[in-house]
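*Asks:* Starting from these lines, generate the structure:
(2 chains)
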Amino acid sequence: MRIAFFRTLLELAEQDKRIHLVVGDLGFGAVEPFAERYPDRFLNVGVAEQNMIGIATGLALSGKIVFVYSISNFPTLRCLEQIRNDICYHRASVKIVASGGGFVYGALGMSHHVTEDIAVMRALPEMVVVAPGDPSEVELATRAVASHSGPCYLRLGRTGEARVHQKNVSFQLGKATLVRSGKDVTLISTGALLETAFQVAEELEEQGVEVRVLSMHTLKPLDSEAVLVAARETQAIVTLEEHSLIGGLGSAVAEVLAESSEVQVSFKRLGIPSGFSSCVGDQEYLRAVHGLSKNGIMQSLRPILSLIER
Amino acid sequence: MRSFKQLSSLAKKIRTHVLKMTHRAKSAHVGTSLSMADLLAVLYGGILRVRPKEPDWPERDRFILSKGHGCAGLYAALAEVGFFPLSWLEEFYQNGSILAGHITHYVPGVEASTGSLGHGLSIACGMALAGRREGKSYRVFTLMSDGECDEGSVWEAALFVPHHKLDNLIAIVDYNKIQSLGTVKDVLDLDPFAAKWKAFGWAVREIDGHDYKAIEDALKNIPFESGKPSCVIAHTVKGKGVHFMENSLLWHYRSPNAEELECALKELEEAL
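*Replies:* Presented below is the predicted three-dimensional model:
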């Protein structure tokens, strides 16, 4: 995902001279091509996230489109008030990009587990929140946030995720992307768990369950219509996220379902229970610990699948 | 540039508005608005290159009030120089008003909203950098409070500006020596204050923040040193101009009642 982001950003910067890249002394091996090609539009502020966001705001209020790149929780939680008061209140064209969503930096410990960012960013006025599902979505999401006039948060995974979409993807901010059709159950995934969601759907297909997979790359504004259609057309909705169960995709979908008077659908949220991880490990390991491996998800789905009429 | 007499008159008008506004609103932060009134008078009396009838003029100097709680003073200054009608000042702090109790960019002439301390200098950095990279001649001024300099973000930005040689940026500190719960000296001492800014790479001038000539001399000669950002430490008196408000912590919080307002306005009137 990181490669797709920086490749796309370079292309965009070529076409649009307003595009700046501001980093907080992170991005080794990734930011150099931009820094070398566009030194006048690149800025490393040092290890100073609060100042980084203020500077990005000042640049944006002077007509620039500013991508702020860092990793983990540094560009969000460390400087949250600057994001709210400076970027959001002024509706500045700043795009905050964080690598390492979920447990990408699992072995590095709690400080680097990115597990509440979506909830926090969703709550901020004006903020568009995007967690693309694979590298092809990252490319399209990067273009989309660059074109959006206001603040955006772009949550990336790591380097090297598989491409899930087999053909050209249709991508629109605020519109779920249909990855796979199905009439029994809908799996709604956000971020890099999309590949796992797809694998789960394939395996269930072999068991005779037809699974619809939606990539909910935009968490805000949420595509409530796609949720309601899924509620009408399938018997169960399951949300999937490498994020706390509080305030993320599952919560957003639940809000839509709870306020709808017309739909009755089985509903389950899969994600990370609130609390710090008691151990460290690589992303695959920590996903499994929290029931987010393919097998873990299959297991969690059993009760809901038993209710499905086929 | 206005004459010193005219600057004094403008400052008096700002102070008068501040007293009336805070009285009407029953709002706090009177002392901080009064301590910076003379600085605002000189800035808007001729230092800042702005066009009140064209607030978004691209070549304008940028002024960011980082001590956003001093907004009554800035609203008054902006109205006095014609950014919006003086009658708007009556709406300050009222239900449904855009004139918030911390400075907001919804008001014409306000470059950036603040209210939480330690934000303005960073935003100013971004604007100064944009101006530099585009070869623009505008300058970026930010007015900060002393208590604000407790914030770590101020020093993140203070490191940044000299490193990037942004001599189009001017930081002014309204050093009135009183913060929320006591004197700066008692709460978290900033001294040696000028030495700190110098050590960070700024060109620093300390002035009497109520002496029009001193303020004008400093702000007319920006940058103090080519290639370095300028820092003006303006020694001021909190509550300046109203004897019972001067150097008093209480007037960080209180608003004048009718009797106090009358007394304060009389004192201002007689001062000229």
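*Asks:* what's the burial count for residue B:252?
*Replies:* Using other CB atoms under 10 Å in any protein chain shown, residue B:252 has 21 other residues around it. Bear in mind the C-beta positions are built from the backbone N, C-alpha and C, glycine included.
*Asks:* Check residue A:18 too.
*Replies:* Residues near residue A:18, counting by other CB under 10 Å, number 16.
*Asks:* Next up, the contacts around the nearest residue to it once chain neighbours are set aside.
*Replies:* Nearest residue to residue A:18, sequence neighbours excluded (CB to CB, 6 or more residues apart in numbering or on different chains): residue A:65, at 4.7 Å. By CB atoms under 8 Å, 6 or more residues apart in numbering or on different chains, the contact set of residue A:65 is A:16, A:18-20, A:93, A:95, A:146.
*Asks:* As a check, name the ranges of all helices in the stretch 1-150 of chain B.
*Replies:* Secondary structure of the stretch 1-150 of chain B (DSSP state H, counting those that start in this stretch): helices located at B:4-25, B:30-35, B:37-42, B:71-80, B:120-134.
*Asks:* Would you tell me which of those helices gets closest to chain A?
*Replies:* Proximity to chain A, assessed across those by CB to the nearest CB, is greatest for helix B:120-134 (2.0 Å).
*Asks:* Relative to residue A:148, how far out is the residue nearest to residue A:18?
*Replies:* According to CB to CB, to the nearest Å, residue A:65 and residue A:148 sit 9 Å apart.
*Asks:* what touches both of the two?
*Replies:* Joint contacts of residue A:65 and residue A:148 (CB under 8 Å, 6+ apart) are residue A:93.
*Asks:* For the residue most central in space within chain A, what are phi and psi?
*Replies:* Nearest to the geometric centre of chain A sits residue A:131, at 1.5 Å (CA atoms, centre = their mean). The phi and psi values for residue A:131, taken as degrees, to the nearest 10, are phi -130, psi 90.
*Asks:* Surely it is in contact with residue A:222?
*Replies:* No: judged on CB atoms under 8 Å, residue A:131 makes no contact with residue A:222 at a distance of 11.9 Å.
*Asks:* ok, back up a step: of the helices of the stretch 1-150 of chain B, which stretch is the most buried?
*Replies:* helix B:30-35 (a mean of 30; mean count of other CB atoms under 10 Å in any protein chain shown).
*Asks:* list the contacts for the residue nearest to the centre of chain A?
*Replies:* Neighbour list for residue A:131: A:101, A:118, A:154-155, A:190-192, A:217, A:219 [criterion: CB under 8 Å, 6+ apart].
*Asks:* Residue A:16 versus residue A:95, what's the distance?
*Replies:* Distance from residue A:95 to residue A:16, counting by CB to CB: 13 Å.
*Asks:* Give me the neighbour count for residue 205.
*Replies:* No chain specified, so I'll use chain A. Number of residues near residue A:205 (other CB under 10 Å) recorded here: 14.
*Asks:* my bad, chain B
*Replies:* Using other CB under 10 Å, residue B:205 has 18 neighbouring residues.
*Asks:* Next one: the nearest residue in space to it that is not next to it in sequence from residue B:229, what distance?
*Replies:* Distance criterion CB to CB, 6+ apart; nearest residue to residue B:205, sequence neighbours excluded, is residue B:218 at 5.0 Å. According to CB to CB, residue B:218 and residue B:229 sit 14 Å apart.
*Asks:* between those two, which one's more packed in?
*Replies:* Ranked by neighbour count (other CB under 10 Å), residue B:218 and residue B:229 place residue B:229 first, with 32 against 23.
*Asks:* mind checking the SS state of residue A:286?
*Replies:* At residue A:286 the chain is in helix, as set by DSSP: H, G, I helix; E, B strand; the rest coil.
*Asks:* and residue A:278, what pLDDT?
*Replies:* Note on residue A:278: pLDDT of 89.
*Asks:* tell me the phi and psi of it?
*Replies:* phi -80, psi -10.
*Asks:* cool, residue B:268 as well?
*Replies:* The phi/psi pair for residue B:268 (degrees, to the nearest 10) reads phi -60, psi -40.
*Asks:* which residues sit in contact with residue 224?
*Replies:* Picking chain A for this. Taking CB under 8 Å, 6+ apart, we find residue A:224 in contact with residue A:256.
*Asks:* looking at chain B here, not the other one
*Replies:* Residue B:224 is in contact with B:203-205, B:218, B:230, counting by CB under 8 Å, 6+ apart.
*Asks:* cool, residue A:268 as well?
*Replies:* Residue A:268 touches A:236-239, A:300-301, A:304, counting by CB under 8 Å, 6+ apart.
*Asks:* now, which of those residues lie within strands?
*Replies:* Residues of these located in strands (DSSP state E): A:236-239.
*Asks:* Am I right that residue B:91 is in contact with residue B:99?
*Replies:* Yes: using CB under 8 Å, residue B:91 is in contact with residue B:99, at 5.3 Å.
*Asks:* Tell me which of those two has more neighbours.
*Replies:* Neighbours were counted for residue B:91 and for residue B:99 using other CB under 10 Å; residue B:99 has more, 23 against 16.
*Asks:* excluding its backbone neighbours, what's nearest the more buried one?
*Replies:* Distances taken as CB to CB, 6+ apart place residue B:92 nearest to residue B:99, at 4.4 Å, with adjacent residues excluded.
*Asks:* Can you report how many residues neighbour that neighbour?
*Replies:* Counted with other CB under 10 Å, residues neighbouring residue B:92 total 23.
*Asks:* residues touching it, list them.
*Replies:* Counting by CB under 8 Å, 6+ apart, residue B:92 touches B:21, B:24-25, B:27, B:72, B:75, B:99, B:101.
*Asks:* From residue B:138, how far out is it?
*Replies:* When distance is defined by CB to CB, residue B:92 is 29 Å away from residue B:138.
*Asks:* do the same with residue B:256
*Replies:* Note on residue B:256: its distance to residue B:138, by CB to CB, is 38 Å.
*Asks:* Can you report how many residues neighbour whichever residue of the stretch 151-300 of chain A sits closest to chain B?
*Replies:* Closest to chain B within the stretch 151-300 of chain A is residue A:151: 14.3 Å, counting by CB to the nearest CB. Residue A:151 has 29 neighbouring residues, counting by other CB under 10 Å.
*Asks:* In strands, which of the contacts of residue A:131 appear?
*Replies:* Mapping the contacts of residue A:131 onto strands (DSSP E) picks out A:154-155, A:219.
*Asks:* got those residues as TSV, with pLDDT and neighbour count columns?
*Replies:* TSV is the format used below for the ones in strands among the contacts of residue A:131 (pLDDT from 0 to 100; neighbours: other CB atoms under 10 Å in any protein chain shown):
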residue	pLDDT	neighbour count
A:154	98	27
A:155	98	29
A:219	98	28
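*Asks:* contacting residues around the closest residue to residue A:2 other than its chain neighbours?
*Replies:* Excluding the flanking residues, the one nearest residue A:2 by CB to CB, 6+ apart is residue A:159, at 4.6 Å. By CB under 8 Å, 6+ apart, the contact list for residue A:159 reads A:1-3.
*Asks:* Please convert the buried members of these into PyMOL selection syntax.
*Replies:* Remark: buried members of those, expressed as a PyMOL selection using 16 or more other CB atoms under 10 Å in any protein chain shown:
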select buried, chain A and resi 1+2
